[in-house]
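In: next input, structure requested:
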Amino acid sequence: MTELRTAHTSALTAAELAAVRALMDDAFEGDFTDEDWDHTLCGVHALVHDAGELIAHGSLVQRRLLHGGRALRTGYVEAVAVRADRRRQGHGSTVMAALERVLRDGGYQLGALGASDEAVPLYTGRGWRLWRGPASVLAPTGVERTAEEDGCIYVMPVPGVDVDLDGELTCDWRPGDVW
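Out: Modelled structure (predicted):
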């Protein structure tokens, strides 16, 4: 029987954090950097366990995205992964449902994520919408285009907040992958 737990990073034990990192390293086949790990922390985690073992994870961290002359308080989805032998069994949807509840109830103005090609059906099937406009980052030197991210960013607008999916979307700066 699977069990879902949501908790802030501060409520996770060292063992739980180690299990999350191990899942990320395995799921991303060694392409999960220390910067990616840092991006995963300081937010709300959704963890799915089966018989005490972590089989799925995702986190929602706060970021500021600039759009239409506004800085939007954004719940940004990070580090979504399901253990290889447990994929295509609904665990990714369980993680996303928990994070989306936090997104809706947490005072955010927008949800956003960067999606791999394999994950697009999961996100679009849950109502996430492709950002069609140009993407950029507010770098230390000013706004810089991140054209390589165009077509990979998905958003979930919060009711009452209007966004133009064809407009420019600018993320805040951070080390490693900015999106």
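
In: from here on, just use CA atoms for contacts and neighbour counts.
Out: OK.

In: who is Val155 paired with across the strands?
Out: Ala112, Arg129 (DSSP bridges).

In: can you give me the neighbour number for it?
Out: 23 (other Cα atoms under 10 Å).

In: next, Ala27: phi, psi?
Out: phi -60, psi -40 (degrees, to the nearest 10).

In: measure it to Ala79 for me?
Out: Counting by Cα to Cα, to the nearest Å, the gap from Ala27 to Ala79 is 10 Å.

In: of those two, give the one with the bigger neighbour count.
Out: Ala79 (24 against 18).

In: how is that one assigned, secondary-structure-wise?
Out: strand (DSSP: H, G, I helix; E, B strand; the rest coil).

In: for it, which non-adjacent residue is closest in space?
Out: Gly58 (5.1 Å; Cα to Cα, 6 or more residues apart in numbering).

In: doesn't the one you found fall inside a strand?
Out: Yes. Counting by three-state DSSP, Gly58 is found in a strand.

In: all helices of this protein, in order?
Out: Using DSSP state H, the helices of the chain run over 14-27, 34-40, 91-105, 120-125.

In: center of the chain, which residue is that?
Out: Val77 (1.4 Å; Cα atoms, centre = their mean).

In: for Glu144, what are its contacts?
Out: 136-138 (Cα atoms under 8 Å, 6 or more residues apart in numbering).

In: can you give the contact residues for stretch 47-56?
Out: By Cα under 8 Å, 6+ apart, the list of residues contacting stretch 47-56 reads 1-6, 19-20, 23, 57-58, 80-83, 86, 91-92, 94-95.

In: ok so, going back, pretty sure the residue nearest to Ala79 contacts Ala81?
Out: Yes. Using Cα atoms under 8 Å, Gly58 makes contact with Ala81 at a distance of 6.6 Å.

In: identify the residue nearest Gln84 in space, chain neighbours excluded?
Out: Heads up, residue 84 is Ala, not Gln. Ala27 (6.7 Å).
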